[in-house]
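> build me a structure from this.
(chains A and B)
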Amino acid sequence: MKTPLDRGFFSRDNAKKFARLSGKSLRSGMASRVIGPWDWIFLPALLAVAATVILGTPFQPFGFQLPEPVWPLVLAFAWPLIRPSYIAPVVLGLLGLFLDFYWSAPGGFYTLNLMLIYGVLILARTYVVGQDWRVVFGAWLGAELAFFSIGVLFMALDTGFVVRLWGVFEQMVATTALFPVVLYMLEKFVNADVRFQ
Amino acid sequence: MPYGDNKHFEHLKLPVTWAVMGIVVVVSIIAALMFLGDRREEVDGKSFGDRSGFDSAAEPANAVLSTPVHVVGAGTSWLDDYLFAVRENRILKKKVAELSQYKDAYLEMKDINTRYEALLNLRTEPPVETVTARSVSVARGPFNNNRLIDAGSDKKIAFGNPVITDQGLVGRIVGVSPHVARVLMVTDVNSHVPIMVMRTDARAMMDGDGGGYPKLDWVRGKDSVRKGDQILTSGDGGIFPRGLPVGEAVQGIDGGWRVRLYADRAPIDFVKVLLFKDFSQLPNAESLLRSPPVNQVLPAPVMPKVAANTSGASASAASGTASASAASASARPVAASVSSSSAAKPATAKPATAKPATPKPARPAASSSSAAPVAGDLKPFTPPSTTSSAGGGAR
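A predicted model of the protein is given here:
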């Protein structure tokens, strides 16, 4: 009998299959088509949290600060392109709440920004999915620009002060460097499961 | 068709995209309500206090996840020390030689300063107790600049306590849980620190904007800031104690003044929390409002005695046994008359026909002017030198 946590999208069958198929058996192509929410939603979300916490360490190697990219923005961009999901926006909202608390931002600040990006991309996904990587990169830059512009606007409304735009640009550059992660997720998950089509 | 067969509905599908958009809208509305209800810009204890539970949980998780980073950091530090030890030693020897001279001058000036304080009977500020803590995580993005430190209310840290390093001011405590506290950096967009320019004593407000160089706004006076001027906390408003070193003035590319923070000279690993309570926290507002008027608590002020040798209506009122209120009423015309009338003679020195220097009331001047009453005990102020010379040889 399966335990309650070993059912539905929490099922570990997929992981077992991947482990079994690591030996490159002949059935690997067929079996890897089953992708559960654990694989493309929960695990990336946990990794984004871990990466945010690790880069939040007060450590200055050779006098330089560690970069502080917005990791959940990768998921807000990739998830709607992979497929529409009922779970993804809820998890994304929780990720935004985590950023609000961990970075001590106003409540709902990052949640609202991430949800706006997710909402726009879920409507425009057919124009981006399947395109050349340059088009995807352009969409990624546009999403970043929208995300940080909304952030500047909301922060100005909240505090009455415009934040230093050079600092915004620095964080944008650090986040832009995460584009390979976006490409990796798209290549891994967009056509990975026939149920996604 | 049998009952219960749902083949009629097998092609009825909820449009997934629109359903997902519904979820997005609901989550966005919740987030917007949270954002509108947030009062973080007011920087008070209530607006930050609801996150102490999260901060308590974040500290151990952060410690575990950042262990590899600390290991790498220790390794690079060791490598750096090993490779540059000779050069570092040379620099340090030179600095020790320089600082030895400064130390002698400092001790000398400190001794003189202590004597001056004793002579002037200055009420100096008491030393502030401090708590040392380690920074465990940092948010340094454009929208938020703050840190978690591994000391909290168990070490008496409270909301509003200033935080410094050995270099200068870092920020202040805005969130406290038992073992963790959150520091709002002076570079945060919500941070506003009253400062003064040391050279000119001009006041200004240092406003954070998410960058490394906070702005100087509301600078008082013309040309009161120059490049390189030292910036200190002014103590205005009572949030920070007066005189904490903050940084030095630099001019931004927009022409406005900014501050290069002393705290940025070195990595902020260990910080000191000053257990300083601002004066707005000291009085209890309710007890302050309920307190009785001062004339019901303190005795009536003692007024100077006025002699009874006055004429007219003021004579009886200005007698030695008159009440304080009556004395105050009569003292004013008497003082006026003293200043206006020539009958009130100042105590002048006479040639030495030696008499003991006993205090003597002034002579009544009723004969000189009946319209100008003169008070015997009230005399114009005479400098001590005149009095001593008069005491030595006159009268």
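> the helix or strand hosting B:Met196 near chain A at all?
If you go by DSSP states H and E, B:Met196 is part of strand B:192-197. No. Legend: contact between strand B:192-197 and chain A by Cβ under 8 Å from any Cβ of the partner chain is lacking; minimum distance shown is 9.2 Å. (C-beta placed from N, C-alpha, C; glycine too.)
> helices or strands up against that strand?
Packed against strand B:192-197 by the contact rule (3 or more Cβ pairs under 8 Å, 6 or more residues apart in numbering or on different chains; DSSP states H and E) you find strand B:203-207, strand B:230-233, strand B:245-251.
> give me the angle between that strand and strand B:245-251.
On the basis of axes from the mean of the first three to the mean of the last three Cα atoms, to 10 degrees, strand B:192-197 is oriented at 80 degrees to strand B:245-251.
> hmm, who's touching strand B:192-197?
B:169, B:186, B:202-208, B:214, B:216, B:224-225, B:229-237, B:239-240, B:246, B:249, B:259 (Cβ atoms under 8 Å, 6 or more residues apart in numbering or on different chains).
> identify the residues contacting the residue nearest the centre of chain A.
Computing the C-alpha centroid of chain A and ranking residues by Cα atoms, centre = their mean puts A:Leu75 first, at 1.3 Å. Contacts here follow Cβ under 8 Å, 6+ apart; on that basis A:Leu75 touches A:44-45, A:48, A:88, A:92, A:95.
> contacts with chain B among the residues you listed, please.
Subset of the contacts of A:Leu75 in contact with chain B: A:88, A:92, counting by Cβ under 8 Å from any Cβ.
> show me which pair in the contacts of A:Leu75 is furthest apart.
Checked with Cβ to Cβ, these reach their widest spread between A:Ala48 and A:Ala88, with 12.7 Å between them.
> who's more crowded, these two?
Taking other Cβ atoms under 10 Å in any protein chain shown, A:Ala48 and A:Ala88 do not tie; A:Ala88 has more neighbours (25 against 21).
> so that one belongs to a helix, correct?
Yes. Counting by DSSP: H, G, I helix; E, B strand; the rest coil, A:Ala88 falls inside a helix.
> okay, the helix or strand hosting B:Asp55 in CSV with CA atoms only?
For B:Asp55, the host element (DSSP H and E) is helix B:52-65. The C-alpha trace of helix B:52-65 is given here as CSV (Å, rounded to 0.1, in the frame of the first residue of the first chain):
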residue,chain,number,x,y,z
SER,B,52,10.3,37.4,13.9
GLY,B,53,9.2,33.8,13.5
PHE,B,54,10.4,33.6,10.0
ASP,B,55,13.7,35.2,11.0
SER,B,56,14.2,32.7,13.8
ALA,B,57,13.7,29.8,11.3
ALA,B,58,15.8,31.3,8.6
GLU,B,59,18.9,31.6,10.8
PRO,B,60,19.7,27.9,11.3
ALA,B,61,18.7,27.1,7.7
ASN,B,62,21.0,29.8,6.5
ALA,B,63,23.8,28.5,8.7
VAL,B,64,23.5,25.0,7.2
LEU,B,65,23.2,26.1,3.6
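> following element in sequence after the lowest-mean-pLDDT helix or strand in chain A, please.
Sorting the helices and strands of chain A by mean pLDDT, DSSP states H and E puts helix A:28-31 at the bottom, at a mean of 47. Downstream of helix A:28-31, the next assigned helix or strand under DSSP H and E is helix A:37.
> and the helix or strand just after that following helix, C-alpha only, in PDB?
Note on helix A:37: by DSSP H and E, the next helix or strand toward the C-terminus is helix A:43-55. Extracted in PDB, the C-alpha atoms of helix A:43-55 (Å, rounded to 0.1, in the frame of the first residue of the first chain):
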ATOM      1  CA  LEU A  43      12.300  20.600  -7.100                       C
ATOM      2  CA  PRO A  44      13.200  23.800  -9.100                       C
ATOM      3  CA  ALA A  45      11.300  25.800  -6.400                       C
ATOM      4  CA  LEU A  46      13.400  24.300  -3.600                       C
ATOM      5  CA  LEU A  47      16.600  24.800  -5.600                       C
ATOM      6  CA  ALA A  48      15.600  28.500  -6.200                       C
ATOM      7  CA  VAL A  49      15.100  28.900  -2.400                       C
ATOM      8  CA  ALA A  50      18.400  27.200  -1.600                       C
ATOM      9  CA  ALA A  51      20.300  29.300  -4.200                       C
ATOM     10  CA  THR A  52      18.800  32.500  -2.800                       C
ATOM     11  CA  VAL A  53      19.800  31.600   0.700                       C
ATOM     12  CA  ILE A  54      23.300  30.600  -0.300                       C
ATOM     13  CA  LEU A  55      23.900  33.800  -2.300                       C
END
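> in the stretch 251-395 of chain B, what residue is nearest chain A?
Nearest to chain A in the stretch 251-395 of chain B, going by Cβ to the nearest Cβ, is B:Pro267, at a distance of 4.5 Å.
> actually the stretch 151-300 of chain B, not the one I typed
Residue nearest to chain A within the stretch 151-300 of chain B (Cβ to the nearest Cβ): B:Gly211, separated by 3.4 Å.
> can you check which helix is longest in chain A?
Ranked by residue count under DSSP state H, the longest helix found in chain A is helix A:133-159.
> angle of it against strand B:203-207?
Using the same axes, to 10 degrees: helix A:133-159 against strand B:203-207 is 140 degrees.
> what residues does stretch B:28-46 touch?
Contacts for stretch B:28-46 (Cβ under 8 Å, 6+ apart): A:93, A:96, A:106-109, A:111-112, A:115-116, A:119, A:154, A:158-160, B:47-48, B:159-160, B:174, B:184, B:190-191.
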